[in-house]
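Asker: fold the following for me, if possible:
(chains A and B)
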Number of protein chains: 2
Amino acid sequence: MKLTDKPVTAFLDELASNAPAPGGGSVAALSGALGAALVSMVCNLTLGKKAYAEVADDIQGLLAQSEALRQEMTDLLDEDVKAYTGYSIAAKMPRGTDEEKAKRDKVMQAALKTATDVPLSIADAAVRIMDLCMPAAEKGNKWAVSDAGVAVLAAEAALRSAALNVLINLGSLKDDEFVADRRTRLENLLEGKGTMRDEIYDYVVKKL
Amino acid sequence: MKLTDKPVTAFLDELASNAPAPGGGSVAALSGALGAALVSMVCNLTLGKKAYAEVADDIQGLLAQSEALRQEMTDLLDEDVKAYTGYSIAAKMPRGTDEEKAKRDKVMQAALKTATDVPLSIADAAVRIMDLCMPAAEKGNKWAVSDAGVAVLAAEAALRSAALNVLINLGSLKDDEFVADRRTRLENLLEGKGTMRDEIYDYVVKKL
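Answerer: Predicted coordinates:
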């Protein structure tokens, strides 16, 4: 059974346990999915309302993007669990002889690369969700403006949470070129996003 | 069926829909529960390990608190849905005559007070979860330090998300004394927490 098919309380129980997965990476993806779902909610509370007929096309466009991102984040949640499980299995490989050690090391480095690229994809999707929050706050149903604010808080938490999971794996990787490339990509994704969160939050607070 | 007993994907579907609840308040509570569960995970990955025998008592104390807070947040999630549903029912009361209008107004004001106090309780619990994150990062298993970082990101997002839900309801309340009191309480809860989040995040990044 996929983790996302389990009840919310069971997800929380597994998270709290000492099982290798789910962990922080899964929370990053779930937080992103919650942010995307909230943007969708704002859109769904806006469409079909007479007062918002003029922005219906824009809102429809936002909704298509938020729903695609919600699916992407949900898929990434399950991918993160798979990636982490792959790493845990690799870590348990025998390392008695030099040959075994070399084999284990090779498999672990490959598993670490996957375990880096999944949260990097989560970070990338989180930024795309953040991009939808200001338009949702500005154009969406004014009674749902606080939900657009919660959406950006969830998406930015997803971004930073994913960043921590990228960084912890980069620390154990030996391929310098890969490490430098992924570090640059992550820095580009993070840049200015704390400020963006504050700006959207402040915009929403002023509307309340 | 309680919302927290539903599968994660069903929770996300209901969130994305135009149904009145769940909304941003429920996401605040879930985000808090995720933060608490991550603190528990760090503790559970630390207890029983020889290298951390000296801090076992401290970690056991942290775990007791994080598990109590996880339960508190899960309960608040269901309470938030109930409070919002109560408000929605009140809003649909007839208001044809002056008498009906007065009755509806009274029920709505009471419902709004509950819908304010539930997210205020979420904010309060979120702050208590944030307080556990630095000890978890400092004393817990070093391989789980990124999870302590994700915990503080989730808890602070819970705090701010709850704040938006308190503020939106205060805006429609007519009891000035109640409004002033809850506003002060909220400001006290928010004070310095953005800085606290940054400090714990930076501490964790340095350890990666």
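
Asker: how much space between the closest residue to A:Arg128 other than its chain neighbours and chain B?
Answerer: Excluding the flanking residues, the one nearest A:Arg128 by C-beta to C-beta, 6 or more residues apart in numbering or on different chains is A:Leu69, at 5.9 Å. Heads up, the C-betas are built off the backbone N, CA and C, glycines and all. Using C-beta to the nearest C-beta, to the nearest Å, we find A:Leu69 at a distance of 11 Å from chain B.

Asker: which residues does A:Leu69 contact?
Answerer: A:32, A:36, A:125, A:128-129, A:132 (C-beta atoms under 8 Å, 6 or more residues apart in numbering or on different chains).

Asker: hmm, try it at 10 Å
Answerer: A:32-33, A:35-37, A:39-40, A:125-126, A:128-129, A:131-132, A:155 (C-beta atoms under 10 Å, 6 or more residues apart in numbering or on different chains).

Asker: element containing it?
Answerer: If you go by DSSP states H and E, A:Leu69 is part of helix A:56-91.

Asker: name the residues of that helix that are buried.
Answerer: A:58-59, A:62-63, A:65-67, A:69-70, A:72-81, A:83-84, A:86-87, A:90 (16 or more other C-beta atoms under 10 Å in any protein chain shown).

Asker: ditto for stretch A:163-180
Answerer: A:163-170, A:173, A:178-179.

Asker: and the contacts of A:Leu69, which are buried?
Answerer: Judged by 16+ other C-beta under 10 Å, buried ones among these: A:32-33, A:35-37, A:39-40, A:125-126, A:128-129, A:131-132, A:155.

Asker: tell me the angle of the helix ranked longest in chain A relative to helix A:56-91?
Answerer: Criterion DSSP state H: the longest helix present in chain A is helix A:98-139. With axes from the mean of the first three to the mean of the last three C-alpha atoms, to 10 degrees as the basis, helix A:98-139 and helix A:56-91 are set at 160 degrees to each other.

Asker: the residue lying farthest from the centre of chain A and A:Tyr87: what is the separation?
Answerer: Farthest-out residue of chain A from its mean C-alpha position, per C-alpha atoms, centre = their mean: A:Thr97, at 39.5 Å. In this view, A:Thr97 and A:Tyr87 are 22 Å apart by C-beta to C-beta, to the nearest Å.

Asker: do the same with A:Ala163
Answerer: 18 Å.

Asker: sorry, back to before: tell me what the longest helix of chain A is packed against?
Answerer: If you count contacts as 3 or more C-beta pairs under 10 Å, 6 or more residues apart in numbering or on different chains; DSSP states H and E, helix A:98-139 packs onto helix A:24-44, helix A:56-91, helix A:145-170, helix A:176-190, helix A:193-207.

Asker: tabulate the ones you listed (TSV), appending mean pLDDT.
Answerer: Converted to TSV, those look like this (pLDDT from 0 to 100):
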stretch	mean pLDDT
helix A:24-44	98
helix A:56-91	96
helix A:145-170	98
helix A:176-190	98
helix A:193-207	98
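
Asker: out of these, flag the one nearest B:Thr46.
Answerer: B:Thr46 lies closest to helix A:24-44 among those, at 15.1 Å (C-beta to C-beta).

Asker: mind exporting the closest one as CSV, just the C-alpha atoms?
Answerer: C-alpha atoms of helix A:24-44 as CSV (Å, rounded to 0.1, in the frame of the first residue of the first chain):
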residue,chain,number,x,y,z
GLY,A,24,11.6,15.0,6.4
GLY,A,25,11.6,14.5,2.6
SER,A,26,8.1,13.1,2.7
VAL,A,27,6.9,15.9,4.9
ALA,A,28,8.4,18.4,2.4
ALA,A,29,6.3,16.7,-0.4
LEU,A,30,3.2,16.6,1.7
SER,A,31,3.5,20.2,2.6
GLY,A,32,3.8,21.1,-1.1
ALA,A,33,0.8,19.0,-1.9
LEU,A,34,-1.2,20.9,0.9
GLY,A,35,-0.1,24.2,-0.6
ALA,A,36,-1.2,23.2,-4.1
ALA,A,37,-4.5,21.9,-2.8
LEU,A,38,-5.2,25.2,-1.1
VAL,A,39,-4.6,27.1,-4.3
SER,A,40,-7.0,24.8,-6.0
MET,A,41,-9.5,25.4,-3.2
VAL,A,42,-9.3,29.2,-3.6
CYS,A,43,-9.9,28.7,-7.3
ASN,A,44,-12.9,26.3,-6.7
